[in-house]
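Engineer: Let's see this in three dimensions:
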Amino acid sequence: MPGVPALGFSLFLMALGAVLTWGVTATVSGLDLDAIGVILMIVGLCGIMLAMLFWTSWAPFNRRATTVGTITRQTTETDAPTRRTTTIERVDDERPLPPPAP
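Structural biologist: Predicted structure coming up:
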């Protein structure tokens, strides 16, 4: 799942930003912790939106269908069965259908 690390990191940024904005009451000279917290929450929200956009099951440009099957065959009675995984990819093209026959 390629989107999971980005999603988790974005949630972490949002949580860190919320803690800095509403949870920390200390002051640091030269830094506004509330502003840094809001910036981290905005960056985390943008990261979540990008992770959802590029997540293959949610992506609007996802056009590939993948079928995965497992084949088991046995050559002789004394040999152990051999397992092989086969991946078949089918690309759905959106070509117009030919005109109907007269």
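
Engineer: so how many other residues sit close to residue 8?
Structural biologist: 12 (other Cβ atoms under 10 Å). Using the backbone N, CA and C atoms, a C-beta is placed for each residue, glycine as well.

Engineer: Which of the helices or strands spans it?
Structural biologist: Applying DSSP states H and E as the criterion places residue 8 in helix 3-18.

Engineer: What is the subsequent helix or strand relative to that helix?
Structural biologist: Heading C-terminal from helix 3-18 (DSSP H and E), you reach helix 33-54.

Engineer: Which other helices and strands does that following helix contact?
Structural biologist: Contacts defined by 3 or more Cβ pairs under 8 Å, 6 or more residues apart in numbering; DSSP states H and E place helix 33-54 against helix 3-18.

Engineer: Who are the packing partners of the helix it packs on?
Structural biologist: Using 3+ Cβ pairs under 8 Å, 6+ apart, helix 3-18 sits against helix 33-54.

Engineer: and the angle from the helix it packs on to helix 3-18?
Structural biologist: 160 degrees (axes from the mean of the first three to the mean of the last three Cα atoms, to 10 degrees).

Engineer: thinking again about what came up before, can I get the CA coordinates of the helix holding residue 8 in CSV?
Structural biologist: Only the C-alpha atoms of helix 3-18 are listed here, as CSV (Å, rounded to 0.1, in the frame of the first residue of the first chain):
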residue,chain,number,x,y,z
GLY,A,3,-0.3,5.6,0.3
VAL,A,4,0.0,4.4,3.9
PRO,A,5,3.3,6.0,4.9
ALA,A,6,2.3,9.4,3.4
LEU,A,7,-1.1,9.2,5.1
GLY,A,8,0.5,8.3,8.5
PHE,A,9,3.1,11.0,8.3
SER,A,10,0.4,13.6,7.3
LEU,A,11,-1.7,12.5,10.3
PHE,A,12,1.4,12.9,12.5
LEU,A,13,2.0,16.4,11.2
MET,A,14,-1.6,17.4,11.9
ALA,A,15,-1.4,16.0,15.4
LEU,A,16,1.9,17.8,16.1
GLY,A,17,0.4,21.0,14.8
ALA,A,18,-2.7,20.7,17.0
